[in-house]
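A.B. asks: Generate a structure from the sequence data that follows.
(one chain, ligands or ions: 1)
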Amino acid sequence: MTPPDWQNWKPGVLATLMFIVDEAAGRVLLIRKKRGLGAGKINGPGGKIDPGETSEHCAVRETQEELGVTALDPVKHGELWFQFVDGLALHVDVYRATRWEGEPTETPEAIPLWTSLKELPFEEMWADDRFWLGEVLIDQKNFTGRFLFDDDTMLTHEMEWH
Ligand SMILES: CNc1ncnc2c1ncn2[C@@H]1O[C@H](COP(=O)(O)OP(=O)(O)OP(=O)(O)O)[C@@H](O)[C@H]1O
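C.D. replies: Next comes the predicted model:
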């Protein structure tokens, strides 16, 4: 199919992703997602923004709910625009934090996975992640990415680095 013009994409559902980076140990706190969109995949903690909530608050709250960890001083590094051919549209703000409180704990939503920054498990992640995750986590770059998906299959992508 022909993808719609990027400019005509709707913002859709607003959501967030949080990546807590332990710079001293060269690792990032990922999750194995147990339910919801992308169940079974490895991703960062995150989820939908509640009405009236800021995106930063959502990223912190979802990380608390999924892992029992509080991210401190998160910095926004990017925006992901996902369009699925079935009509679902997701707009995701991506945060990175280097300080946190609490010990990651398994919850009904997620299994915590401290992962080496040198061995990001892209084969178990959403297909778009290999276009931006290393650049954000390691190089602290800022970006906007737009991706068209048919279920799990990425059909097109467009990256801007700021
Ligand atoms: C398509 N390629 C993708 N690549 C990378 N990450 C993706 C993603 N698609 C969704 N995500 C993230 O996965 C979480 C689930 O999205 P989301 O719709 O919010 O579902 P989830 O059921 O977890 O939300 P609630 O916890 O119910 O709020 C959410 O953090 C969102 O940012």
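
A.B. asks: all contacts plus neighbour counts: C-alpha atoms, from now on.
C.D. replies: Fine.

A.B. asks: Do the biggest helix by length in the chain and the ligand come into contact?
C.D. replies: For the chain, the longest helix by residue count, based on DSSP state H, is helix 55-67. No: Helix 55-67 stays clear of the ligand (CA under 6 Å from any ligand atom), getting no nearer than 7.0 Å.

A.B. asks: For whichever helix or strand comes after that helix, which helices and strands make contact with it?
C.D. replies: Using DSSP states H and E, the helix or strand that follows helix 55-67 towards the C-terminus is strand 70-72. Judged by 3 or more CA pairs under 8 Å, 6 or more residues apart in numbering; DSSP states H and E, strand 70-72 is in contact with helix 55-67, strand 99-101.

A.B. asks: Kindly recompute the last result at 6 Å.
C.D. replies: Secondary-structure packing of strand 70-72 (3 or more CA pairs under 6 Å, 6 or more residues apart in numbering; DSSP states H and E): strand 99-101.

A.B. asks: Tell me the first helix or strand C-terminal of the strand it packs on.
C.D. replies: Per DSSP H and E, the helix or strand that comes after strand 99-101 is strand 110-116.

A.B. asks: what's the offset of the helix or strand hosting residue 154 from the middle of its chain?
C.D. replies: Residue 154 belongs to strand 153-161 when assigned by DSSP H and E. Relative to the centre of its chain, strand 153-161 is centred 15 Å away, using CA atoms, centre = their mean, to the nearest Å.

A.B. asks: Partner strands of that strand and their direction?
C.D. replies: strand 143-150 (antiparallel) (DSSP bridges).

A.B. asks: what does the longest helix of the chain rub up against?
C.D. replies: The contact list for helix 55-67 (CA atoms under 6 Å, 6 or more residues apart in numbering) reads 16, 18, 45-46, 49, 70-71, 104-105, 107, 109-110.

A.B. asks: In terms of distance to the ligand, which of those residues ranks first?
C.D. replies: Closest to the ligand out of the contacts of helix 55-67 is residue 46 (3.5 Å), distances taken as CA to the nearest ligand atom.

A.B. asks: Going by distance to residue 97, which of the contacts of helix 55-67 wins?
C.D. replies: Closest approach between the contacts of helix 55-67 and residue 97, by CA to CA: residue 71, at 6.2 Å.

A.B. asks: All set now, cheers.
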